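> structure here, sequence nowhere to be found:
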Ligand SMILES: Nc1ncnc2c1ncn2[C@@H]1O[C@H](COP(=O)(O)OP(=O)(O)OP(=O)(O)O)[C@@H](O)[C@H]1O
Ligand SMILES: CC(C)(CO)[C@@H](O)C(=O)[O-]
Ligand code: BAL
């Protein structure tokens with residue numbers, strides 16, 4: 001699958017729409033100022049592009065609640081580890097702008113919305129990092145936002161520079177756009193906890209809105225990285241959602257202790273792996289579990305027992321390994337089907 005398409009540099013507006021494409025901090029400030037003076041609210045939806053229905057659901061929520069929606073599309077190098085997939089991360093500018101144009105027309109026709117997509121912000125790294133890009137290493141020097149200890153566990157343990165990169169770029173985006181509201185997806189649940197903590201601890205004048213996880217019909221959480229999977233691994237990738245759902249069912253049936261809740265998830269993983277091992281290499285899919293977690297909703301600290309009055313977060317990460325024996329003509333996925341790390345979660349709501 002070819003994922004790299006034309007860049008935003010030649011465009012000022014998304015064709016056949018009134019959506020502006022802003023590339024610089026100055027142009028965002030010029031766009032923002034009249035809305036401030038007119039007391040028109042702005043909702044920011046930060047993304048890394050390769051837009052799918054998960055992103056679209058956040059944009060729809062922003063349009064219901066704000067006079068103007070601005071979608072940022074920026075693949076932030078600072079949140080990728082040096083061995084991660086920055087070079088192959090899907091970039092689909094033409095498809096993204098088509099989706100935004102279609103959505104904007106739909107929002108215009110739907111009288112229930114307060115606003116529409118007024119701008120896309122696609123900044124350059126030179127503008128986002130005016131002192132020069134600090135680098136992706138753990139010991140890189142530069143102006144960073146660190147939200148610890150929550151950023152050190154789970155995703156942060158596997159990706160040590162990830163939340164530093166996310167919090168830093170979000171702080172910059174919030175400062176550049178100065179939105180009234182920002183929209184994030186529950187799919188990246190630890191990211192929502194980090195952003196909420198950053199907003200609280202730095203007294204940022206912005207409301208954080210979290211949208212539910214959009215899923216495919218078989219339960220797989222939509223993710224830009226799903227394009228790496230190819231058909232064979234795509235089918236088995238549902239294992240994480242099935243495992244977390246089994247743990248949720250154990251909680252629903254009255255279990256409160258970590259052992260009983262998480263062992264329900266581990267059983268699904270074990271059965272799925274055994275089923276795959278029984279297949280020939282030309283058919284099977286192997287994966288590794290990075291973590292299965294039951295943590296507190298505000299700090300992501302592991303729980304021994306869930307207090308139903310507070311609830312908890314079931315989350316997990318798996319690595320889908322490259323297929324061992326590709327079949328003739330098999331669709332292996334974007335970029336030749338490298339190992340793909342997938343995350344998902346289910347919130348155990350307070351009762
Ligand atoms: N399935 C989804 N449902 C709801 N929101 C989502 C979903 N997937 C991503 N988002 C949200 O969209 C925003 C932008 O995410 P991003 O552009 O990284 O997409 P992504 O699909 O999460 O990509 P990746 O595969 O890199 O994790 C984030 O707030 C993210 O949580
Ligand atoms: C919030 C974000 C756009 C920051 O680069 C990214 O982490 C994402 O897409 O979830
Ligand atoms: N949605 C999270 C972005 C990342 O994994 O880099």
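Yep, that arrived. The shown structure was predicted, so the numbers you read here are calculated from the model rather than taken from an experiment. Numbers count the residues shown, from 1 in each chain. Ligands and ions are numbered 1, 2, ... in the order given.
> does residue 19 touch residue 121 like I think?
No: counting by C-beta atoms under 8 Å, no contact exists between residue 19 and residue 121, whose distance comes to 10.9 Å. All C-beta spots, glycine's among them, are computed from the backbone N, C-alpha and C.
> now residue 269: closest residue in space, sequence neighbours ignored.
The spatial neighbour of residue 269 that comes closest, neighbours along the chain excluded (C-beta to C-beta, 6 or more residues apart in numbering), is residue 243 at 5.2 Å.
> who's in contact with the one you found?
Under the criterion of C-beta atoms under 8 Å, 6 or more residues apart in numbering, the neighbours of residue 243 are 265, 266, 268, 269, 272, 292, 316.
> against residue 23, how distant is the closest residue in space to residue 133 that isn't next to it in sequence?
Counting by C-beta to C-beta, 6+ apart, the nearest residue to residue 133 once its immediate chain neighbours are dropped is residue 125, at 5.5 Å. In this structure, residue 125 lies at 12 Å from residue 23, with C-beta to C-beta, to the nearest Å as the measure.
> who has more neighbours out of those two?
When neighbours are counted by other C-beta atoms under 10 Å, residue 125 and residue 23 differ, and residue 23 comes out ahead with 17 against 13.
> residues from the protein in reach of ligand 1?
Contacts of the chain with ligand 1, taken as C-beta under 6 Å from any ligand atom, map to 47-48, 54-55, 57-58, 184-185, 187-188, 211, 213-214, 221-225.
> name the nearest residue to residue 49, sequence neighbours excluded.
Counting by C-beta to C-beta, 6+ apart, the nearest residue to residue 49 once its immediate chain neighbours are dropped is residue 73, at 4.2 Å.
> to clarify, my last question referred to residue 32.
The shortest distance from residue 32 to any residue other than its chain neighbours is 6.0 Å, reached at residue 178 (C-beta to C-beta, 6+ apart).
> for the closest residue to ligand 3 within the stretch 151-300 of the chain, what are its contacts?
Of all residues in the stretch 151-300 of the chain, residue 188 sits closest to ligand 3, with a separation of 4.6 Å (C-beta to the nearest ligand atom). Residues counted as contacts of residue 188 (C-beta under 8 Å, 6+ apart) are residue 343.
> before we move on, what about the one 4 residues further on?
Contacts for residue 192 were tallied using C-beta under 8 Å, 6+ apart; they are 184, 185, 186, 208, 210.
> 6 Å - rerun?
184, 210 (C-beta atoms under 6 Å, 6 or more residues apart in numbering).
> mind checking what secondary structure it has?
Taken by DSSP: H, G, I helix; E, B strand; the rest coil, the conformation at residue 192 corresponds to helix.
> now the strand or helix carrying residue 104: buried residues?
Residue 104 is located in helix 93-109, with elements delineated by DSSP states H and E. Residues of helix 93-109 classed as buried under the neighbour-count rule (16 or more other C-beta atoms under 10 Å) are 93, 95, 96, 97, 99, 100, 101, 103, 104, 107.
> stretch 266-281 now?
Along stretch 266-281, these residues count as buried under the neighbour rule (16+ other C-beta under 10 Å): 268, 269, 272, 273.
> so of these, which ones are in helices?
In this view, the buried residues of stretch 266-281 that belong to helices under DSSP state H are 268, 269, 272, 273.
> excluding its backbone neighbours, what's nearest the third one?
The one in question is residue 272. Nearest residue to residue 272 in three dimensions, chain neighbours excluded: residue 239, at 4.6 Å (C-beta to C-beta, 6+ apart).
> the one you found - how many residues pack around it?
Using other C-beta under 10 Å, residue 239 has 27 other residues around it.
> same deal with residue 17?
When counting by other C-beta under 10 Å, one arrives at 18 neighbours for residue 17.
> quick check, pLDDT for it.
According to the per-residue confidence, residue 17 scores 92 in pLDDT.
> residues contacting residue 134?
Under the criterion of C-beta under 6 Å, 6+ apart, the contact partners of residue 134 comprise 140, 142.
> where's it, which helix or strand?
Element membership of residue 134 [criterion: DSSP H and E] is none; it lies in no helix or strand.
> local confidence estimate at it?
With respect to pLDDT, residue 134 has a value of 95.
> and if you look at residue 4?
49.
> residues contacting stretch 263-273, please?
Residues from elsewhere that reach stretch 263-273 (C-beta under 6 Å, 6+ apart): 239, 242, 243, 246, 247, 250, 289, 292.
> filter the residues you listed to the buried ones?
When burial is judged by neighbour count using 16+ other C-beta under 10 Å, the buried members of these are 239, 242, 243, 246, 247, 250, 289, 292.
> in the stretch 51-200 of the chain, which spans are helices?
Across the stretch 51-200 of the chain, reading from the start of the chain, the helices by DSSP state H, counting those that start in this stretch fall at 53-65, 93-109, 125-128, 155-158, 162-177, 189-201.
> chain center to the third one, what's the gap?
Meaning helix 125-128. Taking the mean of its C-alpha atoms, helix 125-128 sits 21 Å from the chain's own mean (C-alpha atoms, centre = their mean, to the nearest Å).
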